[in-house]
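> any chance you could fold what I've pasted below:
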Amino acid sequence: MIKVLDAVFVTTATNSAQWPREPVPEVAYVRRSTVRKSSMINTLAHRNKLVRVSNTPGRTRTLNFFDLTIESHGKKRVVRLCDLPGYGFAKVSKAEREQWQEMISEYLSERTTLKVVVSIIDGEIGPTGDDVQMLDFLQTTPPKILVAATKLDRVGKSHRKPRVLELAKKLDLPLEAVVGFSATERLGVVDVWNRVLATVDGR
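Got it, this is the predicted structure:
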């Protein structure tokens, strides 16, 4: 049983000088725009408005940090979430896209407290070229990778497990590195937390 006892916004950052300094284990969320990232984080945090949900892609333009106090198997710990800007969004200037890329790359490559990167893909349509490029980059960074295939409520129930298996094969990842997720049905919430906390705990 996993309980979220508290969830609070910490700070925003655009460079390493602004990253929080406390030695709290972090979990980062990367994704292209329009894959229900905000809904996923709010669902995991058991909060409706921790992260603002917008119908306009590209609204997240900084690194946003949130501290969650988790109770699992009688143990309390604080886990910090980092919400990153979406990639593959074309309706911004080339200079702004390059700035985002530099900001994201610096964080993913150099953040020593970052333990897990959750790569969010659209479970209905599958990975895009941008998703594959991001996963290739993540393979070169220290944190472990967990792929969350969102929007799985749009896939028939009998096809969900085969769909997750198909995605794992397509991405050349072990099956345990891919989790089906739906904020609408709260599908995969426990699986994501269990795998994130296992990594944070060194299991």
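> how many residues are close by Gln18?
Using other CB atoms under 10 Å, Gln18 is surrounded by 12 other residues. Where C-beta positions appear, they are placed from N, C-alpha and C, glycine not excepted.
> list phi and psi for it.
phi -100, psi 0 (degrees, to the nearest 10).
> relative to Gln139, how far out is it?
Computed as CB to CB, to the nearest Å, the Gln18 to Gln139 distance reads 27 Å.
> run the chain-centre distance for the strand or helix carrying Thr199.
Using DSSP states H and E, Thr199 sits within helix 189-200. A distance of 12 Å separates the centroid of the chain from that of helix 189-200, by CA atoms, centre = their mean, to the nearest Å.
> ok, and for that helix, which residues are buried?
Residues of helix 189-200 classed as buried: Val189, Val192, Trp193, Arg195, Val196, Leu197, Thr199, Val200 (neighbour count, 16 or more other CB atoms under 10 Å).
> looking at the protein, which helix is longest?
helix 94-110 (DSSP state H).
> grab the most central residue of the protein for me.
The centroid of the chain falls nearest to Tyr29 when counting by CA atoms, centre = their mean (2.4 Å).
> excluding covalently adjacent residues, which one is nearest to that residue?
Distances taken as CB to CB, 6 or more residues apart in numbering place Val118 nearest to Tyr29, at 5.0 Å, with adjacent residues excluded.
> give me the neighbour count for that neighbour.
Val118 sits with 25 neighbouring residues when counted by other CB under 10 Å.
> try the one 5 residues further on
Neighbours of Gly123 under the rule other CB under 10 Å: 29.
> equivalent analysis for Ala183, please.
The tally of other residues near Ala183 (other CB under 10 Å) stands at 22.
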